[in-house]
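Visitor: Dropping the sequence and predicted coords here.
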Amino acid sequence: MRAVVQRVTQSAVTVGGETVGAIEAGLMVLLGVAVDDTAREADYLADKVAHLRIFEDDQGKMNRSLIDTGGAMLVVSQFTLLGDCRKGRRPSFVGAAPPPQAEALYERFVAHVRELGIPVATGRFRAMMQVSLVNDGPVTLILETGGTA
């Protein structure tokens, strides 16, 4: 599982001109599910992202998590994060989970974050979406399961 995590002052996702998810201060997460991912990876990554200490404390150091700040999370499914561009000029997506598996693990990730008490907004799975955000810092991190997170 792969996540691009951005600290934001605001973020929104629209589908066909309709806003389907929006947050103010918090984290915007692009989430890609790999073919070999399981519920274990979804739970681990949800917990990891929610507890990342990437918000400033009173001394200006990144020492507070999303839980500490009371912020929200916008989670957008993005299979293209699993694109392999090592050969040729067209990405290969064979490493991305098939839609039923990806959707189930995406939903599990979202549910786990909600269980931690974090307000979560989402995109629409398998829809063509437009994502907007104001990156705060800017702070952007890439996390992966499988020993690299």
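Guide: That came in fine, so what should we check first?

Visitor: Now do the contacts for the residue nearest the centre of the chain.
Guide: The centre of the chain sits closest to V29, judged by C-alpha atoms, centre = their mean, with a distance of 2.3 Å. With contacts defined as C-beta atoms under 8 Å, 6 or more residues apart in numbering, the neighbours of V29 are A3, V4, V5, Q6, V49, M73, L74, V75, V76. The way it works is simple: take the backbone N, C-alpha and C, and place the C-beta from them, glycine included.

Visitor: Can you give me the separation between it and G60?
Guide: The spacing between V29 and G60, counted by C-beta to C-beta, to the nearest Å, is 24 Å.

Visitor: what's near enough to touch the residue nearest to the residue nearest to the centre of the chain when sequence neighbours are not counted?
Guide: Taking C-beta to C-beta, 6 or more residues apart in numbering, and ignoring the residues beside it in sequence, V29 has V75 as its nearest neighbour in space, at 4.8 Å. For V75, the set of contacting residues under the criterion of C-beta under 8 Å, 6+ apart consists of V29, L31, Y106, F109, V110, V113, V120, A121, T122, G123.

Visitor: Out of the residues you listed, which comes closest to K87?
Guide: L31 (24.9 Å; C-beta to C-beta).

Visitor: Isn't that closest one up against A3?
Guide: Yes. With contact defined as C-beta atoms under 8 Å, L31 and A3 form a contacting pair (5.2 Å).

Visitor: what about the two, which has more around it?
Guide: In this view L31 and A3 are compared by other C-beta atoms under 10 Å, and L31 has more residues nearby, 27 against 23.
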